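Q: quick one: sequence plus predicted model below, questions after.
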Amino acid sequence: MSPRLIDTFLENVIPRRTVRNWPSEIAAIVDGYRSYTTISHAVQKDAVQNSWSARMNRRGRGWKLTFDLVMSGRNTFLQIIDEGTTGLTGRILTPEEYGTDLPSEERWGRFEGVAFTQPRGDRTLGSRGRGKFIFVGASKEYTVLYDTLRRDGTYRLGFRTVTRTESPVYSRDGDGGREMLVEMTGGLISPLDTVGTRVIIVNPVDEIIEDIRTGRFIRHIGETWWEIISKHNAAIVVRAFDNENAVTIPEEFILPTQDTNGIKTFVRPAGRIRLGPATEIKLKKLHIVYNRESPAPEDISGIAIQRDGMKICSVKLRYIAREIADKIHGYITLDAETEEALLADEGIEHYSYDFRRALPGAVKRFIEDELLRFAQDKLGYGVDAREIRRQQQREAERMALSAINSFTRVLGIGMGPGVGPRGTGGERTPRDVRIQLDDLGLPRPHDLRVNYGETVGNIKLRIVNDSDEDIELRLRFFLRYFDQVIRTYADEDIAVSSNSYSPFVGPFEEYPIESTYPSAGKYTVVARILSLREDNKGIELDRKTKGFYLEEDPPMRGLFERCEAIGFPNDAPIKYWIGYSEIGSERGLILNYNVSHPTYDAVAESLEDLAEHILRIASHETCRYDLLQQNLILFRDVNRENPEEILKREREIVGEILYKFHRREI
């Protein structure tokens with residue numbers, strides 16, 4: 001590494017130490033794990049992965065890990081003891097020796113270092129230097145002890161604790177370390193007498209003790225590590241409350257390979273899989289099982305992505321019928337090269353992948369495609385990929401609108417769909433040639449929800465021509481569910497004299513029944529008029545829409561009424577534009593987002609990414625809307641004549657909305 005600008009100056013000064021709020025740091029680490037799982041699940045996962053990585057025999061012969069809960073009087077200790085490992089080899093390092101990544105033999109230094117990793121070639125299962133702090137966070141006293149006995153007979157004891165501004169470590173070798181351990185634990189714990197490593201969590205949090213008591217802790221281990229237990233007969237034991245139990249494979253992961261009356265299976269064997277023009281992986285195995293008789297337990301539902309024998313996370317097929325999806329489980333294993341490539345996009349807690357990245361996203365889509373094929377071929381499920389894409393798009397729009405309307409409603413910005421005045425509504429500048437689309441005749445006034453068996457009436461329109469010229473145009477009038485046309489009311493050429501209007505087209509009625517309507521959700525009556533004049537033939541002159549929600553409630557009231565996914569011309573760089581509802585059954589801003597824009601393609605495959613994409617657009621438009629009002633809310637304390645202040649405040653608002661969205665606060 002080349003010298004930095006500051007290095008020369010550091011040789012001649014004594015800089016002040018940076019103070020860290022260590023309790024806050026530990027709390028943040030615990031929160032990071034809690035966003036995926038429980039503390040007890042995180043403790044077992046990091047404990048096993050650290051020990052399994054240090055095993056001396058690659059097949060795990062002679063390896064064993066024991067969780068031993070020792071309770072006596074005021075103190076409780078959770079011992080995590082391994083055998084058949086190298087132990088924490090290496091020296092007690094000085095701060096200066098942490099200048100570069102440590103080689104694999106410096107295990108003691110890596111364990112005591114803060115957020116310290118090893119070279120990629122020496123990578124272990126837990127390669128981010130974060131897991132040891134979940135042990136600290138699992139202690140009511142923020143304290144862990146650790147000792148090791150190495151093959152050369154060396155014994156060493158160490159501890160880490162947390163104070164307000166420090167996370168000090170201390171160690172002692174030989175008999176001094178042995179005596180210190182006995183003294184610190186009140187004689188409850190004896191020094192190691194077999195080669196290996198032990199971590200001792202001092203006074204573990206109640207959650208861990210309760211999960212050990214109920215058996216959930218053993219279940220966590222089996223669900224995470226079933227693969228090494230199955231393939232390598234890995235021995236993991238839990239001792240507590242006068243019982244000792246060996247961890248076994250959850251019965252659900254004894255996966256059948258043959259179909260029966262109640263079970264359907266699919267096994268795709270090893271082979272190279274092309275996931276795109278430049279992406280190829282080597283599949284070791286994909287195993288899918290559907291059990292008609294009972295849903296899969298929540299902790300194993302979906303397809304588990306395995307790495308080095310450890311479950312990272314699961315992929316589930318969204319928008320397939322829940323009664324089917326909940327009964328599917330299985331796993332996928334990949335070759336070492338693919339696992340290594342995926343590691344770069346693995347979450348630091350080892351519970352997730354960043355599926356926005358190319359390779360994880362491609363693997364996820366492969367799993368989803370195989371699940372869909374399995375559902376169609378083996379289960380007779382009649383949904384195609386296009387329908388699932390529509391469902392995902394609808395759910396992303398719902399998530400984004402729910403979030404932005406929740407944010408704006410609290411502040412009193414706009415009203416959105418539902419009852420309540422909202423100004424004069426309508427178009428800001430009426431077009432000379434326009435569609436006059438009447439309000440829908442809904443079963444209940446001001447309620448956009450329609451149930452099966454109810455009638456939607458008064459579907460009619462006429463064309464208004466306030467210009468001084470006669471016009472000829474093409475009218476397209478239809479009902480759609482996303483991009484699927486359900487019914488066409490009119491597709492015809494119409495002539496309208498100057499300063500007049502056409503006869504009404506309609507009225508039509510809709511009577512939704514389950515056999516003719518694809519599914520619950522938003523249905524939209526669409527009217528478009530296109531010019532037939534030679535100088536602008538095919539140009540859209542106006543578009544109007546009215547919608548209703550079948551068997552579901554409309555989005556909560558707020559600034560935005562709905563989203564419209566529209567394909568702008570490919571050469572149009574516009575990302576979105578905002579429309580305005582007419583007075584009637586629907587009110588609010590209409591966010592028209594461009595599905596032909598490259599930014600849409602980048603997020604279209606991910607529900608979460610697409611929802612954030614739409615929400616980000618809506619957030620910027622919310623800022624613009626507020627700035628156009630006479631009485632400002634979001635920009636109340638900002639000088640509207642100062643662009644820099646406006647831009648700064650806009651960044652703050654958008655950041656706050658996205659933060660609350662990802663924190664599930666809106």
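A: Received it, and whenever you're ready, just let me know what you need. Numbering: from 1, shown residues only.

Q: now the element after whichever helix or strand residue 478 is part of, going C-ward?
A: In this assignment (DSSP states H and E), residue 478 forms part of strand 471-481. Downstream of strand 471-481, the next assigned helix or strand under DSSP H and E is strand 484-496.

Q: just the CA atoms of that next one, as CSV, please.
A: Extracted C-alpha coordinates of strand 484-496, given in CSV (Å, rounded to 0.1, in the frame of the first residue of the first chain):
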residue,chain,number,x,y,z
GLN,A,484,-54.1,-7.5,-19.6
VAL,A,485,-57.3,-6.3,-21.4
ILE,A,486,-60.3,-7.8,-19.8
ARG,A,487,-63.0,-6.3,-22.0
THR,A,488,-63.1,-3.9,-25.0
TYR,A,489,-66.0,-1.4,-25.0
ALA,A,490,-65.1,0.4,-28.2
ASP,A,491,-62.3,0.5,-30.7
GLU,A,492,-63.6,2.7,-33.6
ASP,A,493,-63.1,5.9,-35.6
ILE,A,494,-65.2,8.9,-34.5
ALA,A,495,-65.8,12.3,-36.1
VAL,A,496,-66.6,15.3,-33.9
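
Q: on contacts alone, who are the packing partners of that strand?
A: strand 456-465, strand 471-481, strand 505-510 (3 or more Cβ pairs under 8 Å, 6 or more residues apart in numbering; DSSP states H and E). The way it works is simple: take the backbone N, C-alpha and C, and place the C-beta from them, glycine included.

Q: same for the following helix or strand past it, what does it pack against?
A: Next along the chain after strand 484-496, taking DSSP H and E as the criterion, comes strand 500-501. Strand 500-501 sits against strand 456-465, with contacts defined as 3+ Cβ pairs under 8 Å, 6+ apart.

Q: and the strand it packs on with strand 505-510, angle?
A: Per axes from the mean of the first three to the mean of the last three Cα atoms, to 10 degrees, the angle that strand 456-465 makes with strand 505-510 is 160 degrees.

Q: so residue 281 touches residue 270, yeah?
A: No - using Cβ atoms under 8 Å as the test, residue 281 is too far from residue 270 to be in contact (11.1 Å).

Q: compare these two and say which is more crowded by neighbours.
A: Comparing residue 281 with residue 270 by other Cβ atoms under 10 Å, the one with more neighbours is residue 281, at 21 against 13.

Q: what strand or helix carries that one?
A: Residue 281 belongs to strand 279-291 when assigned by DSSP H and E.

Q: tell me which strands that strand pairs with, and in which orientation.
A: Partners of strand 279-291 in the sheet, by DSSP bridges, are strand 263-268 (antiparallel), strand 271-276 (antiparallel), strand 328-334 (antiparallel).

Q: so for that strand, mean pLDDT?
A: Per-region confidence: strand 279-291 scores 92 on mean pLDDT.

Q: and if you look at stretch 8-21?
A: 74.

Q: what does it rub up against?
A: By Cβ atoms under 8 Å, 6 or more residues apart in numbering, the residues outside stretch 8-21 that reach it are 164, 165, 167.

Q: mind doing that once more with 7 Å?
A: Stretch 8-21 is contacted by residues residue 165 when judged by Cβ atoms under 7 Å, 6 or more residues apart in numbering.

Q: from the chain's centre, how far out does it sit?
A: Between the centre of stretch 8-21 and the centre of its chain there are 39 Å (Cα atoms, centre = their mean, to the nearest Å).

Q: then stretch 356-376?
A: 15 Å.

Q: can you give the contact residues for that stretch?
A: With contacts defined as Cβ under 7 Å, 6+ apart, stretch 356-376 is touched by 266, 268, 273, 275-276, 279, 281, 286, 288, 303, 315, 317, 320, 324, 328, 332, 341-342, 345, 353-355, 381, 385, 388, 605-606, 609.

Q: in it, what counts as buried?
A: 359-368, 370-372, 374-375 (16 or more other Cβ atoms under 10 Å).

Q: what are the boundaries of the helices in the stretch 1-150 of the chain?
A: 7-10, 22-34, 39-53, 107-112, 132-137 (DSSP state H, counting those that start in this stretch).

Q: could you export the last one as PDB, CA atoms only?
A: What follows is helix 132-137 as a C-alpha-only set of coordinates in PDB (Å, rounded to 0.1, in the frame of the first residue of the first chain):
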ATOM      1  CA  LYS A 132     -17.500 -12.500  18.000                       C
ATOM      2  CA  PHE A 133     -19.400  -9.400  19.000                       C
ATOM      3  CA  ILE A 134     -22.700 -11.200  18.900                       C
ATOM      4  CA  PHE A 135     -21.300 -13.200  21.800                       C
ATOM      5  CA  VAL A 136     -20.600 -10.000  23.700                       C
ATOM      6  CA  GLY A 137     -24.100  -8.700  22.800                       C
END
